[in-house]
Each structure stands twice: as structure tokens, then as C-alpha cells.
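[1] no FASTA, just this:
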């Protein structure tokens with residue numbers, strides 16, 4: 001959300017309406033669920049605290065993957081992972097994958113995921129468990145709209161009635177493979 005104010009200002013200058021949004025995940029006994037968030041108040045303290053907790057957990061998760069890779073005989077430098085993350089303030093598996101490619105352990109980021117970083121891979125570290133109700137309530141408290149992201153692609157379509165009962169506002173219906 002750090003770039004929202006700048007984007008809104010640029011939109012006003014250009015006469016373009018800008019609607020801020022981001023993706024947020026929930027990892028629970030229901031499985032991995034991706035949500036899209038639109039129009040939340042980025043100055044909402046509870047939302048920013050929630051997002052900070054998730055960002056901090058992502059750093060710990062990525063560090064855990066780096067440790068596991070070292071144990072597998074593939075040490076990579078944490079500084080290289082940070083380099084690939086750039087100014088995003090959000091470190092994720094693709095940054096670890098790029099460091100693996102750079103170090104010569106794999107030939108592509110896809111190979112890094114296929115061999116080491118996928119959900120069953122030997123270097124995988126689970127995400128912070130955030131319940132769907134907590135995500136939905138936090139977004140609503142910040143005045144945002146929350147949408148189930150790519151349900152067919154993610155195989156979460158069967159969860160739609162459950163999520164709707166929790167307050168889900170919508171479903172993404174256009175995605176590259178459906």
C-alpha cells in the first residue's frame with residue numbers, strides 16, 4: 001500500500017480514476033485462499049498493523065527457506081534475496097528462486113519452484129496461518145471490498161458458500177485460464 005498515495009495523485013493529474021488494491025492470502029485448515037482487496041483505507045491503523053504482521057511473517061518464511069536450502073547443500077546469500085525483492089517490502093518465494101538461479105543451483109525460477117519451493121518441496125516453509133474471517137473482517141473494518149481471487153485456478157470454488165457466509169463480497173471471474 002506504500003505507493004497508493006502517489007498513484008492516486010498521478011491519477012488525479014492525468015484525469016484517471018485509480019482504485020487501490022492488493023492481494024492477501026489466508027492459510028488455514030480450509031487450504032490456501034487468495035483474496036483481492038479493493039478500496040480499503042490504507043491509513044486504517046488496524047489494516048496497517050495486520051499487513052505488517054503478514055510482511056514480517058513473510059520475511060521469517062523466506063529466511064526459513066534460505067536455511068533449509070543451506071541444509072540441502074545450496075547456500076544462498078540473504079542479501080541476494082533482499083536484492084531481488086527490491087523496494088517491494090514484501091519478500092516472497094520468487095525472490096528466493098531468483099537467488100537460486102543466480103547461484104547456479106537451478107537454471108530457472110520454474111525449476112526452483114518445481115524442485116525445492118513448491119508446497120511439497122524440501123525447502124518449503126508454511127505461510128503464517130491467517131483465518132479467512134480475520135482477513136474479511138479486517139478489510140471490511142478498513143472500508144474495503146474483498147473478492148475471492150481466481151477460484152477455479154486455485155481450486156477454491158467449493159469454498160464460495162462458506163466464504164460468502166463469512167462476508168465475502170465477490171468472486172474474480174476473469175483469469176488467464178478461465
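    Noted; the coordinates are in hand. Bear in mind the structure is a predicted one, so any value in this text is a computation, not a measurement.

[2] From residue 40, how far out is residue 112?
    Distance from residue 112 to residue 40, counting by CB to CB, to the nearest Å: 32 Å. (Glycine included, C-beta is placed from N, CA and C.)

[3] ok, which stretches of this structure are strands?
    With strands called from DSSP state E, the chain shows them at 21-28, 31-38, 145-148, 170-171.

[4] burial measure for the residue nearest to residue 58 when sequence neighbours are not counted, as a count.
    Leaving out its chain neighbours, the residue that sits closest to residue 58 by CB to CB, 6 or more residues apart in numbering is residue 91, at 5.4 Å. Neighbourhood size, residue 91 [other CB atoms under 10 Å]: 22.

[5] Assess the claim that residue 91 and residue 65 are in contact.
    No - using CB atoms under 8 Å, residue 91 makes no contact with residue 65, being 9.8 Å away.

[6] Now do the contacts for residue 109.
    94, 97-98, 100-101 (CB atoms under 8 Å, 6 or more residues apart in numbering).

[7] From residue 57, how far off is it?
    Residue 109 is 22 Å from residue 57, where distance means CB to CB.

[8] Check residue 166 too.
    Distance of residue 166 to residue 57, computed by CB to CB: 22 Å.

[9] rewinding a little: so which of the strands of the chain comes closest to residue 49?
    strand 21-28 (13.7 Å; CB to CB).

[10] give me the low-pLDDT residue ranges for the chain?
    88-89, 178 (pLDDT under 70).

[11] still on that earlier bit, quickly name whichever of the contacts of residue 109 is closest to residue 73.
    Checking the contacts of residue 109 against residue 73 by CB to CB gives residue 100 as the nearest, at 12.2 Å.

[12] The closest one and residue 63, how far apart?
    15 Å.

[13] buried residues in the longest helix seen in the chain?
    As assigned by DSSP state H, the longest helix anywhere in the chain is helix 45-71. By neighbour count on 16 or more other CB atoms under 10 Å, the buried set for helix 45-71 is 47, 50-51, 54, 57-59, 61-62, 65-66, 68-69.

[14] Thanks a lot, see you next time.
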